[in-house]
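>>> Kindly return the folded structure for what I paste below:
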Amino acid sequence: MVLSRKQHEVGKHLHQNLNHLSNSNLLKRNSEFYQTKAYPDADPPSWSYFIRKHLSQNSPRESLVVYNQIRRKEEYILSVVPLIFKACALLSSLSYGKALHGESIKFGADFDVMIGTSLINMYAKCNDILASRKVFDYMPKRNVVTLNAMIGGYLKHKYMDSASILFDQMSYRTEVTWIEMIKGLARNGDTVKARHLFNKVPPELKNVVTWTVMVDGYTSNREMEAARDLFEEMPQRNFFVWSSMISGYFKRCDIKEAKAMFDRIPVRNLVNWNALISGYVQNGLCEKGLEAFGKMQAEKFEPDEITFASVLSACAQLGLLDSGKEIHSMINHNKIKLNQFVLNALVDMYAKCGDLTHARSIFEEMGIRDNASWNAMISGFAIHGQCKEALEFFSRLESSNKRPDEITFLSVLSACAHGGYVDEGLQIFSEMEKYALAANIKHYGCLVDLLGRAGKLKEAYDLIKRMPFKPNDAVWGALLGACRIHGDTNLVEQIIIELGTSNSLESGDDSHYVLLSNIYAASDRWERAESMRVVMANKGIPKSPGRSSVMLSNTEQQIGANSR
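Presented below is the predicted three-dimensional model:
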């Protein structure tokens with residue numbers, strides 16, 4: 001259905017939003033392409049085809065650019081509007097979605113059941129569940145898809161009672177209705193109710209997807225015994241349920257069972273390989289992740305964006321810059337779409353491997369930057385001692401209307417500690433409250449390290465005493481290390497009393513004893529140093545051998561030395 005109107009002002013606000021969306025060079029090129037070269041007189045099926053194609057390729061922004069061209073022709077094509085609401089939902093673009101909603105009202109299209117249903121879904125995914133309900137109540141006609149969308153929205157926002165009321169009121173339910181409820185309950189941690197509902201699903205509606213959703217509900221909550229029992233009962237299995245089981249075991253750090261599950265798969269696909277590779281990397285077994293990547297290629301599977309993001313993370317953690325560059329070349333050669341995950345992984349890899357110039361180049365060219373993008377750059381600068389640049393990027397982040405998260409603050413506080421920026425670090429720490437973020441023990445540890453390195457030992461000790469939770473070995477270790485650097489044995493005596501009172505010296509970790517012994521030795525208090533050694537011997541704490549490196553004929557030789 002095409003409604004031609006001469007009222008250009010109707011979509012003025014929408015056009016302003018969509019034109020703003022076209023700021024990046026990529027979107028400008030797409031806009032010009034559709035306007036002047038590609039199908040300038042395209043009929044509605046052609047427009048719909050292009051929009052669907054972009055959505056299928058996970059390119060919702062390009063879908064909005066196409067829609068902008070339709071509106072410039074002063075046409076309103078009813079059949080493409082639900083697709084555009086889907087694009088807004090994928091982008092979480094509430095402002096664009098509201099503008100489109102206003103346009104649909106002015107064209108009288110908001111009464112259409114498909115548009116109303118897509119509006120409910122859009123508002124729910126853009127975190128405005130009240131607007132979803134208003135649309136739902138306003139609709140003169142609803143179908144089961146509409147009810148499913150409203151239930152899904154409630155479950156997404158943890159309105160369990162509201163979802164249950166709608167579910168109970170439904171006279172007709174599809175398999176999607178049951179799946180939405182089971183998935184929503186499990187996602188919110190209530191696997192008991194989810195399983196109760198699963199058991200009530202009519203046999204004709206209990207398909208492989210229903211079984212998979214219940215198994216995935218268990219694995220998401222790390223209830224692997226229940227997941228395994230249900231998995232073994234499944235009359236048939238799809239590739240997703242195998243991957244869910246593999247990922248579930250990896251979440252429990254049960255590497256052996258994860259690999260055993262992978263080996264059982266009768267016919268593997270790329271999703272299964274991605275579950276194995278990412279599981280290894282997330283558990284710090286990066287060498288195994290890269291080895292699995294090689295085997296996957298040997299079996300003629302073409303890696304996708306998820307695969308590359310995982311192997312780039314492995315290269316980053318191992319500091320393998322040359323391997324990371326090879327992966328980058330492979331991405332370009334395979335013409336892999338540079339989505340947010342791949343770009344962030346590239347920035348992180350180059351930053352962690354020390355090629356900050358390349359990391360910054362990719363970062364600056366990114367059209368959209370999320371917290372992971374900023375955190376990769378800030379932590380990269382911090383790790384490699386470019387503390388001023390880390391602070392500069394933190395300032396840019398705040399100016400960009402993005403909200404820093406806990407990882408951002410941890411990275412920038414670490415940079416302040418290594419760079420000696422005491423005032424800046426204290427100020428940044430205080431800003432966490434402004435963003436409604438609660439500092440955890442790692443943030444306090446960074447602050448203790450910052451004060452300790454600057455010689456403000458009493459302030460560091462007082463901070464530990466004021467912490468809202470019990471200090472751990474890392475926090476005390478940071479302060480003891482600072483005491484060693486600044487030779488403050490008086491504070492050491494206080495710390496010994498504190499550690500003894502809190503039984504922190506009973507943990508079996510020899511790091512505190514070694515630090516204490518070295519502090520006393522550095523201040524010529526040899527008797528106290530020796531007493532620490534005696535305590536270690538009596539407790540059976542091993543004295544770890546130190547290691548040093550020398551270069552012999554350009555070959556690094558490791559020589560053990562009992563330096564402690």
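
>>> And the helices in the stretch 351-500 of the chain, which stretches?
356-365, 371-383, 387-399, 406-419, 422-430, 441-453, 457-466, 473-486, 489-501 (DSSP state H, counting those that start in this stretch).

>>> who touches the spatially most central residue of the chain in this structure?
With distances taken as Cα atoms, centre = their mean, the chain has residue 372 as the residue nearest its mean C-alpha position (7.2 Å). The contact partners of residue 372, by Cβ atoms under 8 Å, 6 or more residues apart in numbering, come to 340, 344, 348. (C-beta placed from N, C-alpha, C; glycine too.)

>>> mind running it again at 10 Å?
340, 341, 343, 344, 345, 347, 348, 405, 407, 408 (Cβ atoms under 10 Å, 6 or more residues apart in numbering).

>>> Residue 268: which of those residues is nearest?
Distance to residue 268, by Cβ to Cβ, is smallest for residue 341 among the contacts of residue 372, at 22.2 Å.

>>> rewinding a little: so of the contacts of residue 372, which ones are in helices?
Using DSSP state H, 340, 341, 343, 344, 345, 347, 348, 407, 408 are the members of those that sit in helices.

>>> With adjacent residues omitted, what lies nearest to the last one?
Nearest in space to residue 408, with sequence neighbours left out and distances taken as Cβ to Cβ, 6 or more residues apart in numbering, is residue 375 at 5.4 Å.

>>> can you count the residues close to residue 326?
Using other Cβ atoms under 10 Å, residue 326 has 13 neighbouring residues.

>>> Ramachandran angles for it?
phi -60, psi -40 (degrees, to the nearest 10).

>>> how much space is there between it and residue 457?
47 Å (Cβ to Cβ, to the nearest Å).

>>> ok so, going back, highest neighbour count among the ones in helices among the contacts of residue 372?
Neighbour max across the ones in helices among the contacts of residue 372 (other Cβ under 10 Å) = residue 347, 28 neighbours.

>>> which ones are touching the residue nearest to that one when sequence neighbours are not counted?
Leaving aside its sequence neighbours, residue 347 sits nearest to residue 376 (Cβ to Cβ, 6+ apart; 4.5 Å). Each residue near residue 376 by Cβ under 10 Å, 6+ apart is listed here: 316, 343-352, 359, 362-363, 369, 407, 411.

>>> Kindly recompute the last result at 8 Å.
By Cβ under 8 Å, 6+ apart, the contact list for residue 376 reads 344, 347, 348, 351, 352, 359, 363.

>>> Dump those residues to JSON lines, plus distance to residue 113 and pLDDT.
Below are the contacts of residue 376 laid out as JSON lines (distance: Cβ to Cβ, whole Å; pLDDT from 0 to 100):
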{"residue": "344", "distance to residue 113": "39", "pLDDT": "96"}
{"residue": "347", "distance to residue 113": "44", "pLDDT": "97"}
{"residue": "348", "distance to residue 113": "45", "pLDDT": "96"}
{"residue": "351", "distance to residue 113": "49", "pLDDT": "96"}
{"residue": "352", "distance to residue 113": "51", "pLDDT": "95"}
{"residue": "359", "distance to residue 113": "49", "pLDDT": "97"}
{"residue": "363", "distance to residue 113": "44", "pLDDT": "97"}
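
>>> Show me which pair in those residues is furthest apart.
Once Cβ to Cβ is applied, these give 352 and 363 as the farthest pair, at 13.5 Å.

>>> So for these two, which residue has more residues nearby?
residue 352 (25 against 22).

>>> And that one, how far from residue 377?
Applying Cβ to Cβ to residue 352 and residue 377 gives a distance of 11 Å.

>>> now swap in residue 257 and tell me
For residue 257, the distance to residue 377 equals 37 Å [Cβ to Cβ].

>>> out of the two, which sits in the busier spot?
A side-by-side neighbour count of residue 257 and residue 377, using other Cβ under 10 Å, places residue 377 first with 28 against 16.

>>> so where's the stretch 401-550 of the chain shaky on pLDDT?
497, 499-550 (pLDDT under 70).

>>> returning to what we had before: what would the helices of the stretch 351-500 of the chain look like in a markdown table with distance to residue 212?
Formatted as a markdown table, the helices of the stretch 351-500 of the chain follow (distance: least, Cβ to Cβ, whole Å):
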| stretch | distance to residue 212 |
| --- | --- |
| helix 356-365 | 37 |
| helix 371-383 | 29 |
| helix 387-399 | 39 |
| helix 406-419 | 32 |
| helix 422-430 | 45 |
| helix 441-453 | 37 |
| helix 457-466 | 49 |
| helix 473-486 | 41 |
| helix 489-501 | 51 |
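
>>> Looking at those, spot the one closest to residue 120.
Using Cβ to Cβ, the helices of the stretch 351-500 of the chain put helix 371-383 closest to residue 120, at 28.5 Å.

>>> Let me see the mean pLDDT of the closest one.
In this model, helix 371-383 has a mean pLDDT of 95.

>>> tell me which strands and helices the host helix or strand of residue 229 is in contact with?
Assigned by DSSP states H and E, residue 229 belongs to helix 224-233. Here helix 224-233 touches helix 208-220, helix 239-251, going by 3 or more Cβ pairs under 8 Å, 6 or more residues apart in numbering; DSSP states H and E.

>>> what's whichever helix or strand comes after the last one packed up against?
Heading C-terminal from helix 239-251, the first helix or strand you meet, by DSSP H and E, is helix 255-264. For helix 255-264, the elements it packs on are helix 239-251, helix 270-282, judged by 3+ Cβ pairs under 8 Å, 6+ apart.

>>> Residue 118 touches residue 86, doesn't it?
Yes: contact criterion Cβ atoms under 8 Å: residue 118 and residue 86 qualify, at 6.3 Å.

>>> Now do residue 137 against residue 156, distance only.
18 Å.

>>> I misspoke; the intended subject was residue 381.
From residue 381 to residue 156 the distance is 36 Å (Cβ to Cβ).

>>> in which helix or strand would I find residue 291?
Assigned by DSSP H and E, residue 291 falls in helix 286-298.

>>> With only the CA atoms kept, save that helix in PDB.
Presented in PDB, the C-alpha positions along helix 286-298 are these (Å, rounded to 0.1, in the frame of the first residue of the first chain):
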ATOM      1  CA  CYS A 286      44.400 -18.900  24.800                       C
ATOM      2  CA  GLU A 287      46.900 -21.300  23.300                       C
ATOM      3  CA  LYS A 288      44.100 -24.000  23.200                       C
ATOM      4  CA  GLY A 289      41.800 -21.500  21.600                       C
ATOM      5  CA  LEU A 290      44.200 -20.700  18.800                       C
ATOM      6  CA  GLU A 291      44.900 -24.500  18.400                       C
ATOM      7  CA  ALA A 292      41.100 -25.100  18.000                       C
ATOM      8  CA  PHE A 293      41.000 -22.200  15.500                       C
ATOM      9  CA  GLY A 294      43.600 -24.000  13.400                       C
ATOM     10  CA  LYS A 295      41.700 -27.300  13.600                       C
ATOM     11  CA  MET A 296      38.500 -25.600  12.600                       C
ATOM     12  CA  GLN A 297      40.200 -24.100   9.500                       C
ATOM     13  CA  ALA A 298      41.700 -27.500   8.700                       C
END
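
>>> Lovely, talk soon.
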